[in-house]
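# from the sequence below, what's the structure:
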Amino acid sequence: MKALIYLFVGSIFGLVLYKSEAISWYRIFEMFHFHSFHMYGIIGSAVILGAVGIMLIKKKNLKSFSGDKIKIADKEKGWKRYLIGGSIFGLGWALVGACPGPLFVLFGGGYINILIAIAFAILGTFIYGVFRDKLPH
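So this is what the prediction gives:
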């Protein structure tokens with residue numbers, strides 16, 4: 001049952017990404033060239049919604065669906081890992097023309113070539129898992 005709920009929520013998320021054109025290579029191209037506010041509006045609204053959600057979770061001491069208290073650990077101070085990680089993430093995003101989030105949405109939208117990016121995203125995740133203990137966290 002839980003898997004069906006995840007599949008449903010993921011499908012709705014994918015539909016929203018598809019209909020909002022957040023998966024469009026042209027929209028991403030416009031964003032990186034500062035020609036359009038479209039993607040900044042989508043990303044900005046997600047950041048604001050996430051910040052408000054975390055604030056509510058912390059203030060109201062909300063619990064998960066299973067009844068456990070939601071614990072959000074404070075981030076360690078530092079900027080190097082964010083700069084390095086963000087640069088790698090942004091480089092991959094620019095090279096592929098898609099954020100990792102909607103890769104499967106692109107595949108579902110009929111872009112078969114995105115399977116190459118999906119394969120390398122999985123490979124990158126595996127490589128990260130191998131070297132995780134040696135990386136600065």
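# how many residues are close by the nearest residue to residue 28 once chain neighbours are set aside?
Of all residues not flanking residue 28 in the chain, residue 97 sits nearest, at 5.7 Å (C-beta to C-beta, 6 or more residues apart in numbering). Every C-beta, even on glycine, is put in place using the N, C-alpha and C of the backbone. Counted with other C-beta atoms under 10 Å, residues neighbouring residue 97 total 18.
# ok, residue 97 - contacts?
Contacts for residue 97 (C-beta atoms under 8 Å, 6 or more residues apart in numbering) come out as 25, 28, 29.
# from residue 113, how far out is it?
The gap separating residue 97 from residue 113 is 10 Å, by C-beta to C-beta, to the nearest Å.
# how close does residue 26 sit to residue 35?
Taken as C-beta to C-beta, the span from residue 26 to residue 35 is 10 Å.
# pLDDT score for the closest residue to residue 16 other than its chain neighbours?
Nearest non-adjacent residue to residue 16, counting by C-beta to C-beta, 6+ apart: residue 22, 8.0 Å away. Predicted confidence (pLDDT) for residue 22: 85.
# what does the one 5 residues further on give?
Residue 27 is assigned a pLDDT of 87 by the prediction.
# thought it was touching residue 21?
Yes: using C-beta atoms under 8 Å, residue 27 is in contact with residue 21, at 5.1 Å.
# next, name the residue at the spatial heart of this structure.
residue 101 (4.5 Å; C-alpha atoms, centre = their mean).
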